[in-house]
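Asker: Could you work out the structure for the sequence below:
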Amino acid sequence: MAREYDVVILGGGVAGYYCAKALRKEGKSVAIIERDSLGGTAIRWGAVPVKRALDFFKENKGNIEELLNRWQDDLAELGRRTKSSLSSIGVDVYYGEGELVDSHAVKVGGSILTSGYIIIATGTEAISIDGIPVDREWIITHREAVELKDIPKSLVILGGNVEGIEFASLYSQLGVNVTVIEKENSILPGYDGDLAYPIEKKLMDKGVKIVKGKSAIKAYVENSNVKVILDDESIMEGEKVLVTLLRKPNFPKGIERLNIRYSESKILVDSNLKTSVDNIFAIGDINGIMGLGNVAINQGLQVAEYILNGRSISMNYESLPRAVFTLPEIAGIGRQEEDLRGVSYKVGYCNFKDTWRGWSRDLDEGFVKVIVDEGQNVLGIWMVGNMVSEYIGMISPLFNNNLTLDHIKSNLIIHPTLTESILEAVLNINNGR
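Answerer: Numbering: from 1, shown residues only. You can find the predicted model right below:
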């Protein structure tokens, strides 16, 4: 069977999902090919499910049994919501592995889909190192960890990165004895120490053991437990091991038939996210630019605009808002202190408990940090606290327009709200570092 579309998208993760919606809204005929479950890592296999489970604890919605009893229904609902959202606007969804036939045709099952444009949004998948092979039973990835089936008594997490620490937060809340192994000397590499410290303290208060400055080199199953050997020959042990170390690209089948340039780790694209074949784009994790869900979404929307209106793509990755959905959360935008070594800057802090809204809510943790240069330009705004990810996203448009201290001081902020802590932090700026 042959079908013709304006655009065929390989991959139903957030990049493909938002790109398809934007194109279809403007009347383009669109097909998505998905080999597994719509939503990808961000919606189905990681980010959204983990955040939903952590919100259960942040908002005191009930006991652990209630969460686990309805968890599989929640995951199924994610799939239904994603499929319904696409089908309701006329996006055709094909399940199976898409294979590139030529620059205008993709095969899936018994169908050949032809189109003017092809968008590759196939993402990446978790892998491990040679000495610690993933078997998805004893040594698992986020895909198995998010299912919350057969909760182990103990879990060793390889990697103190964002993914590893988010899962450490979740599983420790579920009563699991968690050990985190991080080869660097601090968890959450890439985040300032004052941002990471409250998360580490909360984990340790929950009984999480954090091993820093050591690497796992081998793992094996013995007596219904997994033993992990570290580079100093010490051994850590757990019922399961969760690997959050590496990812590999999901190159679409048939890519070698076309003149698409790619390396071992990514498909190469230009500034407009085009591959070396003029009508084929690569968006999301597969292009290796930055493996974050909000980047993938933005790339999907911008490629849609390029196809629809010929508008060149422009993205400012330096001022990308970011969040870590731990207990408490980290969220922020711009540069951090570790990015500014050798540069003169100033910092202002405000603890949430010292704001009027913080007092009214009896908050005892969390803060805002504002970093500025000598010219009073805001270099970064970072927060730690419960649900702070909700506060930071729409600061991005302001930040991208050269936000200064005068802008913050001269604009109105609702009183009393926790957003006032940004103004308070500005008023508390010190004499420099």
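
Asker: Show me what Val347 bridges to in the sheet.
Answerer: Ile371 (DSSP bridges).

Asker: and it, how many residues sit next to it?
Answerer: For Val347, the tally of surrounding residues (other CB atoms under 10 Å) stands at 22. Yep, even glycine has a C-beta here, placed from its N, CA and C like the rest.

Asker: Also Asn272?
Answerer: 14.

Asker: What helix or strand is Trp306 located in?
Answerer: In this structure residue 306 is Tyr, not Trp. helix 293-309 (DSSP states H and E).

Asker: Give me the helices and strands touching the next helix-or-strand element following that helix, please.
Answerer: Using DSSP H and E, the helix or strand that follows helix 293-309 in sequence is strand 322-324. If you count contacts as 3 or more CB pairs under 8 Å, 6 or more residues apart in numbering; DSSP states H and E, strand 322-324 packs onto helix 162-173, strand 329-334.

Asker: between these, which gets nearest to Leu423?
Answerer: strand 329-334 (16.3 Å; CB to CB).

Asker: Among the helices and strands packed on strand 322-324, which comes closest to Ala2?
Answerer: Here helix 162-173 is closest among the helices and strands packed on strand 322-324 (CB to CB), at 41.0 Å.

Asker: so what does the next helix or strand after the closest one touch, helix or strand wise?
Answerer: On the C-terminal side of helix 162-173, the nearest following helix or strand under DSSP H and E is strand 177-182. Packing partners of strand 177-182 (3+ CB pairs under 8 Å, 6+ apart): strand 154-158, helix 162-173, strand 209-212, strand 235-238.

Asker: Including mean neighbour count and mean pLDDT, could those go into CSV?
Answerer: Output for the helices and strands packed on strand 177-182, formatted as CSV (neighbours: other CB atoms under 10 Å; pLDDT from 0 to 100):
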stretch, mean neighbour count, mean pLDDT
strand 154-158, 24, 98
helix 162-173, 24, 97
strand 209-212, 16, 98
strand 235-238, 17, 97
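
Asker: between the ones you listed, which one is nearest to Val347?
Answerer: That would be helix 162-173 among these, by CB to CB, at 23.1 Å.

Asker: for the closest one, the distance to its chain's centre please.
Answerer: Centroid separation between helix 162-173 and its chain, computed with CA atoms, centre = their mean, to the nearest Å, is 14 Å.

Asker: now the angle between strand 329-334 and that helix, please.
Answerer: Helix 162-173 runs at 160 degrees relative to strand 329-334, counting by axes from the mean of the first three to the mean of the last three CA atoms, to 10 degrees.

Asker: returning to what we had before: make a markdown table out of the helices and strands packed on strand 322-324 and add distance to Ser84.
Answerer: As requested, the helices and strands packed on strand 322-324 are exported to a markdown table (distance: least, CB to CB, whole Å):
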| stretch | distance to Ser84 |
| --- | --- |
| helix 162-173 | 27 |
| strand 329-334 | 29 |
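
Asker: Out of the ones you listed, which is closest to Val101?
Answerer: Of those, nearest to Val101 by CB to CB is helix 162-173, at 35.2 Å.

Asker: which other residues reach that closest one?
Answerer: When contacts are defined by CB atoms under 8 Å, 6 or more residues apart in numbering, helix 162-173 is touched by residues 46, 50, 53-54, 57, 64, 142, 145, 151, 155, 157-158, 178, 180, 182, 187-188, 199, 202-203, 206-208, 242, 244, 324-327.

Asker: cool, and stretch 222-242?
Answerer: With CB under 8 Å, 6+ apart as the criterion, stretch 222-242 contacts 131-132, 138-142, 145, 152-158, 164, 167, 177, 179, 181, 211, 214-221.

Asker: Please check the residues you listed and keep the buried ones.
Answerer: 132, 138-142, 145, 152, 154-158, 164, 167, 177, 179, 181, 211, 214, 216, 219 (16 or more other CB atoms under 10 Å).

Asker: In the sheet, which strands lie alongside the host helix or strand of Met383, parallel or antiparallel?
Answerer: Assigned by DSSP H and E, Met383 belongs to strand 378-385. For strand 378-385, the paired strands and their directions (DSSP bridges) are strand 329-334 (antiparallel), strand 367-372 (antiparallel).

Asker: so which of these comes closest to Val14?
Answerer: Among the strands paired with strand 378-385, strand 329-334 sits nearest to Val14 (CB to CB), with 18.6 Å.

Asker: ok, residues contacting the closest one?
Answerer: Contacts for strand 329-334 (CB under 8 Å, 6+ apart): 188, 191, 195-196, 199, 318-324, 369, 371, 378-389, 391-392, 395-396, 399.

Asker: just stretch 397-410 next, same as before
Answerer: Residues contacting stretch 397-410 (CB under 8 Å, 6+ apart): 316, 319, 333-334, 372, 375-378, 381, 395, 422-423, 426, 429.

Asker: please redo it, this time with the cut-off set to 10 Å
Answerer: Under the criterion CB atoms under 10 Å, 6 or more residues apart in numbering, residues 316, 318-321, 333-334, 346, 348, 370, 372-373, 375-381, 392, 395-396, 411, 422-423, 425-427, 429 lie in contact with stretch 397-410.
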